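Student: have a look at this prediction, sequence included:
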Amino acid sequence: MTEGAVRVRLRSLFGIALAALALLSLQVLRMQVIDPVDPPALASGDQPRVIESEAARGLIYDRNGMPLVQNVASYLVRLVPADLPEEPDERRRALVAIERATSVPVSRLEAATRDGIAAVDPTAPVAVHEVADATEAIRLRTALSGVPGVEVVGAPTRVYAGGDLLAHLLGSVAAIDETELVAYLDEGYPMDATVGRSGLEAVYEEELRGSPERRLVVADPTGRVLSELGGVAAEPGSDLQLSIDIELQAVVAETLAEGIVAGLPAAYPGRPAPRVAGAAVVLDVRSGEVLAQVSLPSFDANALTAGDDAALAALLEDPARPLVDRTYMESHPPGSTFKTLVAYAALEEGVATPDTRITSLGAIYVQDEYNPEVTYVFRDWAAHGTTDLYRGLAVSSDVYFYYLSGGYRQGGQTVFEGLGAERLADYARQIGLGTPTGLDLPGETSGLVPDPDWKEEAVGDPWFLGDTYTFGIGQGYLTVTPMQMAVLVAAIANDGEVLRPRLVRAIGRDGEFVETPRVVVDELANERDSLAVVREAMRITASATGTAWRGQPAGLTIGGKTGTAEFGAPYPNGNYDSHGWYIGFAPFDDPEIAVAVYVEHGIGSTHAGPVARRIFEHYFGLTDEVR
Amino acid sequence: MTIRVPAVAWRRASTAGDPLLVFAVLALGAVGLLSLEGAVRSSGNAGSEVLRHAALVGVGLLVLVVTARIDYRVWRPLAGPLYVGGLALLMVVLVAGSEEFGARRWVVVAGYSLQPSELAKLTTIIATAAWISSRGPTLRAFLVALGALALCAGLVLAEPDLGGGLLLVAAWMALMVAWPLSPRALGTIATAALAVVPMAFALAVPAYQRERLAVFFDPGRDPLGSGFTLRQVEVALAEGGLTGRGLDATGSALAGIATRGSDFALAQLGEQFGAVGALFVLAAYGVIAWRGFAIAERAPDRFGALLAAGLTALVVVQATLHVAVNVRMFPATGIPLPLVSLGGSSLVATCAAAGLLLSIATRSRTDPFERWSEAPRRH
């Protein structure tokens, strides 16, 4: 290669550069002088801008078409900082006019034009005053007409029906939180948008919102639209039809409240006051639809949306934590209701048959594996004598289920081969415990299904036989939510389908609804038809001779099971506080609904049972108490 | 008979380097400041924004003076480490960079956000020039140079910064032309590039970029989003006419477009100063191209020649792409106008490139018969 060749190359590169720049110069001349686009005639101060208005938010109905939320008209006075006069005197005059009409002080108006959104986008409207009354809004609109930089617009607010009956489920809407602003803006929300913040309002935000109308217009400083450049029409939000039956929901709430009060222990010096709390769920065992879902204490559904900070603070500070939905956000040991699953697992695994007979003398004794001097005692709640599996469940014999879960060894001999913790944990997980049910509400907890690996890791101790025993009677580390227990009962009742519970059964608009799909999360093997045995055992349990008799209404055959799980520190007399549970399904022959009742303080049979009975009575029309 | 000037005296005599190049750089910096002052005059914190940019121009000039004074040949042995450092910075961005407008291009250091891709483009050009200056255009040498490009361009594209990647590839191609690769080899590369582009488009181009491409071909597609920006750019140029509507930004067609001072700097200039102003700016880049390639021709060694060609290409291609986007001849990608746009990293990097050019100019051959010290062996 010679130097000359390089020179040629360098000169070619310069030539290319020059040609490109010349071409661009021609294009600049074309676009600026020879053939400029026809700019829209913009007088000084006229601005092209995007005007957005949110579509009407979708409504929510119960399964029978009862409206549960309304959009109620209210009005906002908004400033558009970019449209305010720039000349100081005129600007002052405009702000004073606004102050006179709305009694919002000029200092606050000034701040609104400088801070927050206004600093980024001066054409974005800033709300400065809220008006609930239409007449007042019309008066303001008249008073402010001709004042540049201010507008009075309609801004519907959400009003929820049912007081505190549906507060947890429906949720709330509120202004976008600053920390999430960017994410919402990416999705095309305006900065002053109102979005679903909790409950169904949050989960179904996309469906409920629809898409806003967007118009690209040229407007003068008073906000008068001079010309439209283009736009996209609004698409109203979809309505939700819930699977909830509002009447049943009311009955459940009322009867649950009675059950809770009945189960409350007397105040005891030096212990925290008992919490007036509980939860109940009614599921359709065929579809997984949630017919009623109540958590107490509740709160006024409109409290969160109204933006009343004092009310919100009170809710947050309340020691009973009313904002927590106890049907799915919190988990507790299920007590003896869990024995239904232990029975199923033992039957499937061949650990037991319906005829397996075990004797309870009120306790079993286990020698320490390393030190024969030490003997542990595992108590039964009574000495039940010898029972088969049906009676074992019916009287809720703890010893019976100690055997099924942990087996029994005596004098170095295995007397009875149990399931073992791992197998039991597998069965518990398959029926949906230890994972969220997938309910269409935010913040669901998974509860906990313990096993030796978990204990090693989380507690740091090895798993003992005693852990298997307490696991087998639904105590110890195992925790579940009422919603999970309802799914469990439904799976027993529908012969093995673990369903995903759903609150929204259909989504649509103008009366045309599309049903949400029924989802089978898992299917139990049930190879030995063990579920039929468990159902029969639950029938006997709910019959007059079983512990769950208080759940069965006159004139209806059901399957049921109680649970009483001790918690906290013992009283001086050795007793504990206890959670009360009741699970059941009905009718026995062709199950339609599953019920799970949880009271934070109480006995399963005494306090949770009657709640379940009232629910069955109402659902099957067995009383005249229908309101 | 020529009289050989003693080396020391010669250096002192020509510290001016290339006055025309210096003039073009200063003119562009001044135009950028003036344009910014007009655009922000009526906003609340006009003073601080102008001051900030002025300070950056000051830093840029300081960098220019320093790089011009340092003998460019010191960079040659440092080219490898510089290149690796540039790559490392790009990786830092990918891992820990801050995201703006959907891309990870910035690292925040002490409150300033830096754009390492600007530095990495420079170091890649320096390294490629150093590598090929001592080698003939063999296949092996070419493949190494290609690998160096691919690594850096890949990281820039991953941010994703399509415009930055394109720039680097174009400047690198200029180096290949100047090497000089044979016409046949250049043809092969061009053909291969044409084959790779559709694949790269499918794999590497992010959704927003595709949307921009789509909007480029059909501006009515999204009249409220990116199409809106392009439309306003056309209106701004039309409003500017021959002599411009003046500095005052009140009623500007670009009001509310966040990137008007960076990605759409030329449209803003065109609106403020008219076609006269826009053509003046284009002419300034013409001067840079002219002086840059002339410096390459007169460089005392092959490294200097290739470096000058690569740096000139980098600046001129960047300007060309920016203007092409602004006059609707190229899909919108965020490329700043060198020396004019807001954005300190690009400004300082371009000043460093100009400083290097001046350093080469200062040491250029006065003796037309003097041979390059490292004439390549024939192949």
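Tutor: Thanks, I have the structure now.
Student: any stretches of chain A with poor pLDDT?
Tutor: Along chain A, the model assigns pLDDT under 70 to residues A:1-2, A:39-49, A:116-121, A:219-224, A:306-308, A:624-627.
Student: which single residue in it comes nearest to chain B?
Tutor: A:Pro36 (3.3 Å; C-beta to the nearest C-beta). No exception for glycine: its C-beta is placed from N, CA and C like everyone else's.
Student: Three-state assignment for that residue, please.
Tutor: coil (DSSP: H, G, I helix; E, B strand; the rest coil).
Student: quick one, what contacts it?
Tutor: Contact analysis of A:Pro36 by C-beta atoms under 8 Å, 6 or more residues apart in numbering or on different chains lists B:237-238, B:241.
Student: can you show me the strands along chain B?
Tutor: B:98-100, B:103-109, B:112-114 (DSSP state E).
Student: oh sorry, the question was meant for the stretch 401-550 of chain A
Tutor: A:408-410, A:413-416, A:497-499, A:504-509, A:512-515, A:520-523 (DSSP state E, counting those that start in this stretch).
Student: and the longest helix for the chain?
Tutor: You didn't pick a chain, so chain A it is. helix A:3-29 (DSSP state H).
Student: that answer is for a different chain, and I need it for chain B
Tutor: helix B:265-298.
Student: is chain A contacted by that one?
Tutor: Yes. Using C-beta under 8 Å from any C-beta of the partner chain, helix B:265-298 reaches chain A at B:270, B:274-275, B:278-279, B:282, B:285-286, B:289-290, B:293, B:296-297.
Student: the residues you listed: which two are farthest apart?
Tutor: B:Gly274 and B:Glu297 (35.1 Å; C-beta to C-beta).
Student: what about those two, which has more around it?
Tutor: For B:Gly274 versus B:Glu297, the count of surrounding residues by other C-beta atoms under 10 Å in any protein chain shown is larger for B:Gly274: 23 against 18.
Student: and the more buried one, what does it touch?
Tutor: A:32, B:240-245.
Student: do you know the pLDDT at it?
Tutor: What the model reports for B:Gly274 is a pLDDT of 93.
Student: so which bits of the stretch 101-250 of chain B are right by chain A?
Tutor: Residues of the stretch 101-250 of chain B lying near chain A (C-beta under 8 Å from any C-beta): B:136-137, B:174, B:177-178, B:180, B:223-224, B:228, B:232, B:234-235, B:237-242, B:250.
Student: by contact count, what packs against the longest helix of chain A?
Tutor: Helix A:3-29 is packed against helix B:162-178, helix B:265-298, helix B:302-326, with contacts defined by 3 or more C-beta pairs under 8 Å, 6 or more residues apart in numbering or on different chains; DSSP states H and E.
Student: relative orientation of the last one and helix A:3-29 in degrees?
Tutor: Think helix B:302-326. Orientation of helix B:302-326 against helix A:3-29 (axes from the mean of the first three to the mean of the last three C-alpha atoms, to 10 degrees) gives an angle of 20 degrees.
Student: cool, the shortest one as well?
Tutor: Calculated by the same axes, to 10 degrees, helix B:162-178 forms an angle of 150 degrees with helix A:3-29.
Student: mind telling me which residue of chain B is nearest chain A?
Tutor: Going by C-beta to the nearest C-beta, chain A is nearest to B:Ala238 of chain B, at 3.3 Å.
Student: in contact with that residue: list those residues for me.
Tutor: Here B:Ala238 is in contact with A:31-32, A:36-39 (criterion: C-beta under 8 Å, 6+ apart).
Student: so A:Ala292 sits in a strand?
Tutor: Yes. A:Ala292: assigned to a strand according to three-state DSSP.
Student: returning to that earlier point: in TSV: the contacts of A:Pro36, plus pLDDT.
Tutor: Shown next, in TSV, are the contacts of A:Pro36 (pLDDT from 0 to 100):
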residue	pLDDT
B:Leu237	89
B:Ala238	88
B:Gly241	88
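Student: so which of those residues are in helices?
Tutor: Residues of the contacts of A:Pro36 located in helices (DSSP H): B:237-238.
Student: and B:Val276, what does it touch?
Tutor: B:242-244.
Student: so which of those comes closest to B:Leu358?
Tutor: Closest approach between the contacts of B:Val276 and B:Leu358, by C-beta to C-beta: B:Gly244, at 31.6 Å.
Student: restrict stretch A:24-43 to CA atoms and write it as PDB.
Tutor: The C-alpha coordinates for stretch A:24-43 follow below in PDB (Å, rounded to 0.1, in the frame of the first residue of the first chain):
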ATOM      1  CA  LEU A  24     -29.100  17.300   4.800                       C
ATOM      2  CA  SER A  25     -28.700  21.000   3.900                       C
ATOM      3  CA  LEU A  26     -31.000  20.600   1.000                       C
ATOM      4  CA  GLN A  27     -33.600  18.800   3.200                       C
ATOM      5  CA  VAL A  28     -33.300  21.600   5.800                       C
ATOM      6  CA  LEU A  29     -34.000  24.200   3.100                       C
ATOM      7  CA  ARG A  30     -36.900  22.100   1.800                       C
ATOM      8  CA  MET A  31     -38.500  21.800   5.200                       C
ATOM      9  CA  GLN A  32     -37.900  25.400   6.300                       C
ATOM     10  CA  VAL A  33     -38.100  27.500   3.200                       C
ATOM     11  CA  ILE A  34     -39.100  25.700   0.000                       C
ATOM     12  CA  ASP A  35     -41.900  23.400   1.200                       C
ATOM     13  CA  PRO A  36     -42.600  23.800   4.900                       C
ATOM     14  CA  VAL A  37     -45.500  21.900   6.400                       C
ATOM     15  CA  ASP A  38     -48.600  24.000   7.100                       C
ATOM     16  CA  PRO A  39     -48.300  24.700  10.700                       C
ATOM     17  CA  PRO A  40     -51.600  24.900  12.500                       C
ATOM     18  CA  ALA A  41     -52.300  28.600  13.000                       C
ATOM     19  CA  LEU A  42     -51.100  29.000  16.500                       C
ATOM     20  CA  ALA A  43     -51.600  32.500  17.900                       C
END
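Student: the stretch 101-250 of chain A against chain B: which residues are in contact?
Tutor: Applying C-beta under 8 Å from any C-beta, we find that the stretch 101-250 of chain A lies next to chain B at A:114, A:119, A:121, A:123, A:214, A:216, A:229-232.
Student: just the residues contacting stretch A:141-150, thanks.
Tutor: A:77-85, A:94, A:97-98, A:100-101, A:151-152, A:221-223.
Student: in chain A, which residue is most central in space?
Tutor: Using C-alpha atoms, centre = their mean, the residue of chain A that lies closest to the mean C-alpha position is A:Leu441, 2.7 Å off.
Student: oh sorry, the question was meant for chain B
Tutor: B:Val315 (3.6 Å).
Student: surely that residue touches B:Leu337?
Tutor: No. B:Val315 is beyond contact range of B:Leu337, at 10.5 Å (criterion: C-beta atoms under 8 Å).
Student: selecting buried members of the contacts of B:Ala238 in ChimeraX, what would you type?
Tutor: To isolate the buried subset of the contacts of B:Ala238 in ChimeraX, counting by 16 or more other C-beta atoms under 10 Å in any protein chain shown, use the following:
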select /A:31,32,36
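Student: about what we covered before: out of the strands of the stretch 401-550 of chain A, which is closest to A:His579?
Tutor: strand A:497-499 (23.6 Å).
Student: show me what the closest one pairs with in its sheet, parallel or antiparallel.
Tutor: Using DSSP bridges, the strands paired with strand A:497-499 are strand A:520-523 (antiparallel).
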